[in-house]
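Peer 1: pasted the sequence and its predicted model underneath.
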Amino acid sequence: MDKYTKVRSESDEMATDDGSSSPNCLLLRVSSGGKIRRYVEQALAHFAGTADGAAVKVLGSGNAVTKAVSVAEIIRRQQAGVHQICTIFYSNVTDVWEPNDPSLGLDILRVKRSVPSISMLLSLAPLDPTTPGYQAPLTEEERTAAL
């Protein structure tokens, strides 16, 4: 691969129909380089500034899956009455590689790979408890024990 340079990555994220299409839903795309504190502050500010139907969708893929789970759990412990629906899936990523020297006659390479991803919908409004991945709000005892 020393004769190629990675030009870009194209992601085909799978859409999950979990009710997060409402206008009161904040989308947090967690990256492996982002600060957990900033994501949590953003979500808590959204919950404080909107009506009871507020929701936050936390997305993470690849190395950011564990950080996305941490963000969601911290939010659930700091905000009372948060319902959660968790969905695990694979995102298809296509990496595009171009040759360093076009005179060699090498083709452009497209490498497809599957990356593990997670989507967590956090909502102050009650969600359907029969949905796979549903978690009820934490009790006050569970919330304070973790802090």
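Peer 2: Nice, thanks for sending it over.
Peer 1: which stretches in this structure count as strands?
Peer 2: Assigned by DSSP state E, the chain shows strands spanning 4-12, 25-30, 55-61, 83-99, 109-123, 134-135.
Peer 1: now do the buried residues in the second one.
Peer 2: It refers to strand 25-30. Of the residues in strand 25-30, those buried by neighbour count under the rule 16 or more other C-beta atoms under 10 Å are 25-26, 28, 30. The way it works is simple: take the backbone N, C-alpha and C, and place the C-beta from them, glycine included.
Peer 1: please apply the same query to the fifth one.
Peer 2: If you call a residue buried by 16+ other C-beta under 10 Å, then strand 109-123 has these buried ones: 115, 117-123.
Peer 1: and the least confident helix or strand in the chain by mean pLDDT, what does it pack against?
Peer 2: For the chain, scoring each helix and strand by mean pLDDT, DSSP states H and E identifies helix 140-146 as the least confident one, at a mean of 80. In this structure, helix 140-146 packs against helix 65-78, with contacts taken as 3 or more C-beta pairs under 8 Å, 6 or more residues apart in numbering; DSSP states H and E.
Peer 1: can you give me the mean pLDDT across the helix it packs on?
Peer 2: Predicted confidence along helix 65-78 averages 95 (mean pLDDT).
Peer 1: so which residue is smack in the middle of this protein?
Peer 2: The residue lying closest to the centre of the chain (C-alpha atoms, centre = their mean) is Leu59, at 0.7 Å.
Peer 1: gap between that residue and Arg113?
Peer 2: The spacing between Leu59 and Arg113, counted by C-beta to C-beta, to the nearest Å, is 18 Å.
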